[in-house]
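S.K.: Build me a structure from this.
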Amino acid sequence: MKILVILTGGTISMVRNPENGALRPADLDTFKAFVPELFAADMSIDMLPFDPLIDSSDVNPRDWAKMATTVYNNYDKYDGFVILHGTDTMSYSASAMSFMLQNLNKAVVFTGSQLPVGVLRSDAKENLLTAIEIAAARDSDGNCIVPEVSLCFEGKLFRANRTTKKNAEHFEAFESFNYPALAKAGVHIHYHHGLIHYPEGKSLPLILHTKTDRRVAVLKLFPGITEPLVKAILSSDIKGVILETYGSGNAPSCEWFYLLLADAVKRGVVIVNKTQCDTGSVEMGRYEVSMNLLRAGVLSGYDITTEALLAKMMILLGEYPNDIEKVKLKLQNSIVGEMTVSDEHRRYF
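M.R.: Okay, the predicted model is just below:
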């Protein structure tokens, strides 16, 4: 069994300089010293660091493309992949990876840590070893148990495009509010097979999508939001807008707001309604205050996370720059399990 560990950066990729206490990138020998189990297990572990390593606050779509391309170029050489990443934007990168790697039938597991490797109470060692074990896991027929992009943290494995960073202080840094964990690790790792996303066919080749369009914005509604502010965003050189609304997808009912949205949609801007709530789904039409959004041509984001929606929108706009209707269609449907679209939700359309 061969696993490739890709070091992109983040706290997990750092160690403290014993001379001045400053954090510096860890090298292969450092990982061997602090996590000797990596290289004593009954599998082959290779480590491939980005040069230079990236602070997760600086991650952008070019880095997403580099991560996806690295997996793609090494796909036939390894049985699974683990990507070490800073926690701040891990959900964005991991979500993007789920859309960039089509027909995936091997595990790509993201993980990181709240404390650097080598620190006495660091969570890095447990997260890394668990992620590697999951990446290598096979069923009795030799098939990959979790053939999708996932995120492993503090004993839980989540579908990557369902996650959000919820805590900057505790070790339980991530949550999947609208979808259960795919696995939980204790003495044993218990997989919930019915929740895992499987490819349509094992024989389908892996397809790489790395084109993105960054002309996307997140517009979060708040009491007292003004017409000039909304107008400035919607009238800029923009192709997509994530409209973070109240509750189940509600927004101000004032006429100027409706007219600005309708005009933007008419000009070809894709606008998707995403609730500000962590848990629950958009249900446009449930309340009167969301009817204007329907009339304006705003799409429903159902229960998708902002991180997944941003990545999905950028990638779809990049892949289909001249086919806005195809972009809209794909935004309204789940591609790799990133959202739940039920018949109850569809009754408003």
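
S.K.: mind listing what the nearest residue to residue 215 once chain neighbours are set aside touches?
M.R.: In space, and not counting its chain neighbours, residue 215 is closest to residue 239: 4.4 Å by Cβ to Cβ, 6 or more residues apart in numbering. C-betas here are computed from N, CA, C, even on glycine. With contacts defined as Cβ atoms under 8 Å, 6 or more residues apart in numbering, residue 239 is in contact with 213, 215-216, 268-270, 317.

S.K.: Sticking with the residue nearest the centre of the chain, tell me its helix or strand.
M.R.: Taking Cα atoms, centre = their mean, the centroid of the chain lies closest to residue 95, which sits 2.1 Å from it. Secondary structure assigned from DSSP states H and E places residue 95 in helix 90-100.

S.K.: Downstream of that helix, the next helix or strand is which one?
M.R.: strand 101-102.

S.K.: Adjacent strands (with direction) for that next one?
M.R.: strand 207-208 (antiparallel) (DSSP bridges).

S.K.: Centre of the chain to the partner strand, how far?
M.R.: Per Cα atoms, centre = their mean, to the nearest Å, the displacement of strand 207-208 from the mean C-alpha position of its chain is 17 Å.

S.K.: Toward the C-terminus, what is the element adjacent to it?
M.R.: Assigned by DSSP H and E, the successor of strand 207-208 is strand 216-220.

S.K.: Which neighbouring elements make contact with the helix or strand that comes right after that following strand?
M.R.: Later in the chain than strand 216-220, the nearest helix or strand by DSSP H and E is helix 227-234. If contacts are counted by 3 or more Cβ pairs under 8 Å, 6 or more residues apart in numbering; DSSP states H and E, helix 227-234 sits against strand 216-220, helix 255-266.

S.K.: quick one: the last one to strand 216-220, angle?
M.R.: Going by axes from the mean of the first three to the mean of the last three Cα atoms, to 10 degrees, helix 255-266 is angled at 160 degrees with respect to strand 216-220.

S.K.: which other residues reach helix 255-266?
M.R.: Identification of contacts with helix 255-266 by Cβ under 8 Å, 6+ apart yields 227, 230-231, 234-235, 241, 243, 251, 271, 292-293, 295-298.

S.K.: Among those residues, which one lies nearest to residue 172?
M.R.: Taking Cβ to Cβ as the measure, residue 243 is the one of those closest to residue 172, at 29.8 Å.

S.K.: name the element that closest one belongs to?
M.R.: Using DSSP H and E, residue 243 sits in strand 240-245.

S.K.: Can you show me the CA trace of that strand as CSV?
M.R.: Extracted in CSV, the C-alpha atoms of strand 240-245 (Å, rounded to 0.1, in the frame of the first residue of the first chain):
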residue,chain,number,x,y,z
GLY,A,240,-21.6,35.2,-9.5
VAL,A,241,-22.9,36.2,-6.1
ILE,A,242,-23.5,34.1,-3.0
LEU,A,243,-26.4,35.9,-1.2
GLU,A,244,-26.2,35.0,2.5
THR,A,245,-29.8,35.5,3.7
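
S.K.: Relative to it, what are the paired strands and their orientations?
M.R.: strand 216-220 (parallel), strand 270-275 (parallel).

S.K.: The stretch 51-200 of the chain: strands as residue ranges?
M.R.: Applying DSSP state E, counting those that start in this stretch to the stretch 51-200 of the chain gives strands spanning 80-84, 101-102, 107-111, 149-153, 156-159, 164-165, 174-175, 183-185, 189-191.

S.K.: Residue 47 should be in a strand, yeah?
M.R.: Yes - under DSSP: H, G, I helix; E, B strand; the rest coil, residue 47 falls within a strand.

S.K.: Mind putting the helices and strands packed on helix 227-234 into a markdown table with mean pLDDT, distance to residue 70 and mean neighbour count?
M.R.: A markdown table is the format used below for the helices and strands packed on helix 227-234 (pLDDT from 0 to 100; distance: least, Cβ to Cβ, whole Å; neighbours: other Cβ atoms under 10 Å):
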| stretch | mean pLDDT | distance to residue 70 | mean neighbour count |
| --- | --- | --- | --- |
| strand 216-220 | 97 | 24 | 16 |
| helix 255-266 | 96 | 37 | 16 |
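
S.K.: May I see the ones you listed arranged in TSV, with distance to residue 80 as well?
M.R.: Formatted as TSV, the helices and strands packed on helix 227-234 follow (distance: least, Cβ to Cβ, whole Å):
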stretch	distance to residue 80
strand 216-220	31
helix 255-266	42
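
S.K.: I'd assumed residue 206 was in contact with residue 72.
M.R.: Yes - using Cβ atoms under 8 Å, residue 72 is in contact with residue 206, at 6.3 Å.

S.K.: Spell out which residues are contacts of both of these two.
M.R.: Common neighbours of residue 72 and residue 206 are listed as residue 101 (criterion: Cβ under 8 Å, 6+ apart).

S.K.: re earlier: of the contacts of residue 239, which is the nearest to residue 167?
M.R.: Distances from residue 167 to those, taken by Cβ to Cβ, are shortest for residue 216, at 26.3 Å.

S.K.: contacting residues around the closest one?
M.R.: Residue 216 is in contact with 238-242, 310, 313-314, 317, counting by Cβ under 8 Å, 6+ apart.

S.K.: okay if I get those residues as CSV plus distance to residue 87?
M.R.: Shown next, in CSV, are the contacts of residue 216 (distance: Cβ to Cβ, whole Å):
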residue, distance to residue 87
238, 29
239, 29
240, 26
241, 27
242, 22
310, 17
313, 23
314, 21
317, 27
